[in-house]
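Asker: Turn this into a structure:
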Amino acid sequence: MPEPVLPEIVWRRVAKLEFAYAVWVPDGWDERPPNPKNSPWETARFGAADDHRRIAIVLRMPIFRSRSATELAESASVSLEGAGFGEFEVTAMPVGGRPGARLDCMRRDAGRVWTVREYMAVTEEASFCLGLGSAVPDEDARLFDEIADRWEVLVA
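Answerer: Take a look at the predicted model:
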(Lines give C-alpha, C1' and ligand atoms only; values in the text may rest on other atoms or scores of the structure.)
Protein backbone atom coordinates (compact mmCIF):
# COMPACT_ATOMS: atom_id res chain seq x y z
CA MET A 1 0.00 0.00 0.00
CA PRO A 2 1.46 3.42 -0.91
CA GLU A 3 2.25 5.98 1.79
CA PRO A 4 -1.01 7.88 2.54
CA VAL A 5 -1.36 11.26 0.86
CA LEU A 6 -4.08 12.37 3.28
CA PRO A 7 -3.06 10.98 6.70
CA GLU A 8 -5.85 12.88 8.46
CA ILE A 9 -8.53 10.74 6.80
CA VAL A 10 -9.68 7.54 8.44
CA TRP A 11 -10.21 5.00 5.65
CA ARG A 12 -12.69 2.15 5.42
CA ARG A 13 -12.14 -0.81 3.10
CA VAL A 14 -15.25 -2.14 1.39
CA ALA A 15 -14.63 -5.50 -0.26
CA LYS A 16 -17.08 -6.66 -2.90
CA LEU A 17 -15.83 -10.21 -3.28
CA GLU A 18 -18.76 -11.20 -5.50
CA PHE A 19 -17.55 -8.53 -7.95
CA ALA A 20 -13.81 -9.14 -7.34
CA TYR A 21 -12.71 -5.72 -6.06
CA ALA A 22 -12.21 -3.67 -2.92
CA VAL A 23 -12.49 0.08 -2.65
CA TRP A 24 -11.26 2.32 0.16
CA VAL A 25 -13.46 5.30 1.05
CA PRO A 26 -13.34 7.91 3.81
CA ASP A 27 -14.95 6.49 6.94
CA GLY A 28 -17.71 9.14 6.89
CA TRP A 29 -18.94 8.07 3.46
CA ASP A 30 -22.09 5.97 3.21
CA GLU A 31 -22.67 3.16 0.78
CA ARG A 32 -25.77 3.76 -1.31
CA PRO A 33 -27.62 1.40 -3.62
CA PRO A 34 -26.25 1.20 -7.16
CA ASN A 35 -28.10 3.41 -9.65
CA PRO A 36 -29.10 1.30 -12.68
CA LYS A 37 -30.18 4.49 -14.51
CA ASN A 38 -26.55 5.59 -14.45
CA SER A 39 -25.33 2.17 -15.65
CA PRO A 40 -26.69 -1.35 -15.46
CA TRP A 41 -23.14 -2.40 -14.55
CA GLU A 42 -22.89 -0.18 -11.45
CA THR A 43 -22.14 -2.35 -8.41
CA ALA A 44 -21.45 0.24 -5.68
CA ARG A 45 -21.97 3.93 -4.93
CA PHE A 46 -20.43 5.95 -2.09
CA GLY A 47 -20.59 9.50 -0.78
CA ALA A 48 -20.94 11.60 2.34
CA ALA A 49 -24.53 11.83 3.55
CA ASP A 50 -24.19 15.55 4.31
CA ASP A 51 -22.15 16.56 1.24
CA HIS A 52 -23.27 15.79 -2.33
CA ARG A 53 -20.33 17.54 -4.05
CA ARG A 54 -18.45 14.29 -4.62
CA ILE A 55 -19.20 10.66 -5.33
CA ALA A 56 -17.48 7.34 -6.01
CA ILE A 57 -18.98 4.51 -8.05
CA VAL A 58 -17.65 1.16 -9.23
CA LEU A 59 -18.75 -0.64 -12.37
CA ARG A 60 -18.00 -4.25 -13.26
CA MET A 61 -18.78 -5.09 -16.86
CA PRO A 62 -18.57 -8.35 -18.77
CA ILE A 63 -16.03 -8.69 -21.53
CA PHE A 64 -17.94 -8.23 -24.78
CA ARG A 65 -14.82 -8.41 -26.88
CA SER A 66 -11.15 -8.29 -26.08
CA ARG A 67 -10.11 -4.70 -25.48
CA SER A 68 -7.54 -2.83 -23.46
CA ALA A 69 -8.23 -0.43 -20.61
CA THR A 70 -7.36 2.45 -22.95
CA GLU A 71 -9.92 1.25 -25.49
CA LEU A 72 -12.47 0.94 -22.67
CA ALA A 73 -11.76 4.54 -21.60
CA GLU A 74 -12.10 5.78 -25.18
CA SER A 75 -15.43 3.92 -25.49
CA ALA A 76 -16.66 5.47 -22.22
CA SER A 77 -15.80 8.93 -23.53
CA VAL A 78 -18.29 8.44 -26.37
CA SER A 79 -21.09 7.74 -23.88
CA LEU A 80 -20.05 10.63 -21.66
CA GLU A 81 -19.93 12.99 -24.63
CA GLY A 82 -23.57 12.10 -25.30
CA ALA A 83 -24.33 13.16 -21.71
CA GLY A 84 -22.79 16.61 -22.25
CA PHE A 85 -19.23 15.97 -21.08
CA GLY A 86 -16.18 17.27 -22.90
CA GLU A 87 -12.48 18.09 -22.49
CA PHE A 88 -11.54 14.41 -22.56
CA GLU A 89 -8.10 13.12 -21.70
CA VAL A 90 -7.13 9.44 -21.62
CA THR A 91 -3.90 8.43 -19.90
CA ALA A 92 -2.42 4.93 -19.78
CA MET A 93 -1.38 4.14 -16.20
CA PRO A 94 -1.45 1.30 -13.64
CA VAL A 95 -4.90 0.84 -12.08
CA GLY A 96 -5.87 -1.58 -9.34
CA GLY A 97 -2.48 -3.27 -9.49
CA ARG A 98 -2.55 -3.95 -13.24
CA PRO A 99 -2.18 -2.07 -16.55
CA GLY A 100 -5.00 0.42 -16.92
CA ALA A 101 -6.14 3.83 -18.05
CA ARG A 102 -7.52 7.02 -16.57
CA LEU A 103 -10.22 9.06 -18.29
CA ASP A 104 -10.71 12.69 -17.25
CA CYS A 105 -13.56 14.89 -18.46
CA MET A 106 -15.98 17.57 -17.31
CA ARG A 107 -19.40 19.02 -17.91
CA ARG A 108 -19.98 22.76 -17.59
CA ASP A 109 -23.42 24.26 -17.04
CA ALA A 110 -24.55 27.69 -15.82
CA GLY A 111 -21.16 28.53 -14.34
CA ARG A 112 -20.90 25.19 -12.55
CA VAL A 113 -18.61 22.27 -13.31
CA TRP A 114 -18.84 18.53 -12.67
CA THR A 115 -15.58 16.70 -13.24
CA VAL A 116 -15.21 12.97 -13.69
CA ARG A 117 -12.19 10.71 -13.32
CA GLU A 118 -12.65 7.12 -14.39
CA TYR A 119 -10.01 4.50 -13.74
CA MET A 120 -10.25 1.45 -16.02
CA ALA A 121 -8.79 -2.02 -15.55
CA VAL A 122 -9.41 -5.16 -17.60
CA THR A 123 -8.97 -8.79 -16.58
CA GLU A 124 -9.76 -11.98 -18.47
CA GLU A 125 -13.08 -12.16 -16.61
CA ALA A 126 -14.32 -8.55 -16.57
CA SER A 127 -13.75 -4.85 -17.15
CA PHE A 128 -13.72 -2.55 -14.13
CA CYS A 129 -14.27 1.18 -13.74
CA LEU A 130 -13.76 3.25 -10.61
CA GLY A 131 -15.64 6.49 -11.29
CA LEU A 132 -15.03 9.58 -9.17
CA GLY A 133 -17.12 12.72 -9.66
CA SER A 134 -16.76 16.17 -8.10
CA ALA A 135 -18.31 19.60 -8.13
CA VAL A 136 -15.18 20.92 -6.38
CA PRO A 137 -12.32 19.33 -8.34
CA ASP A 138 -9.52 21.43 -6.86
CA GLU A 139 -10.52 20.34 -3.36
CA ASP A 140 -10.91 16.69 -4.36
CA ALA A 141 -7.81 16.07 -6.49
CA ARG A 142 -5.71 14.64 -3.65
CA LEU A 143 -8.66 12.69 -2.22
CA PHE A 144 -9.37 11.10 -5.61
CA ASP A 145 -5.68 10.25 -6.08
CA GLU A 146 -5.75 8.42 -2.75
CA ILE A 147 -8.98 6.52 -3.50
CA ALA A 148 -7.59 5.45 -6.88
CA ASP A 149 -4.20 4.44 -5.43
CA ARG A 150 -5.97 2.21 -2.88
CA TRP A 151 -8.44 0.54 -5.27
CA GLU A 152 -7.92 -3.23 -5.53
CA VAL A 153 -8.97 -5.40 -8.46
CA LEU A 154 -8.97 -8.86 -6.88
CA VAL A 155 -9.06 -11.05 -9.98
CA ALA A 156 -5.82 -12.76 -10.93
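Asker: So for the helix or strand encompassing Trp114, what gets flagged as buried?
Answerer: Under the criterion of DSSP states H and E, Trp114 resides in strand 112-122. Residues 114-122 are the ones in strand 112-122 that count as buried (16 or more other C-beta atoms under 10 Å). Where you see a C-beta, it was placed from the backbone N, CA and C, and this is true even at glycine.
Asker: what comes up buried for stretch 135-145?
Answerer: If you call a residue buried by 16+ other C-beta under 10 Å, then stretch 135-145 has these buried ones: 137, 140, 143-144.
Asker: correction: stretch 24-44
Answerer: Buried, per 16+ other C-beta under 10 Å, within stretch 24-44: 24-26, 29, 34, 39, 41-44.
Asker: With secondary structure, distance to Arg150 and pLDDT as added columns, please give those residues in TSV.
Answerer: Listed next are the buried residues of stretch 24-44 as TSV, based on DSSP: H, G, I helix; E, B strand; the rest coil; distance: C-beta to C-beta, whole Å; pLDDT from 0 to 100:
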residue	secondary structure	distance to Arg150	pLDDT
Trp24	strand	4	96
Val25	strand	9	96
Pro26	strand	11	95
Trp29	strand	13	95
Pro34	coil	20	95
Ser39	coil	22	92
Trp41	coil	21	95
Glu42	strand	20	96
Thr43	strand	17	97
Ala44	strand	14	96
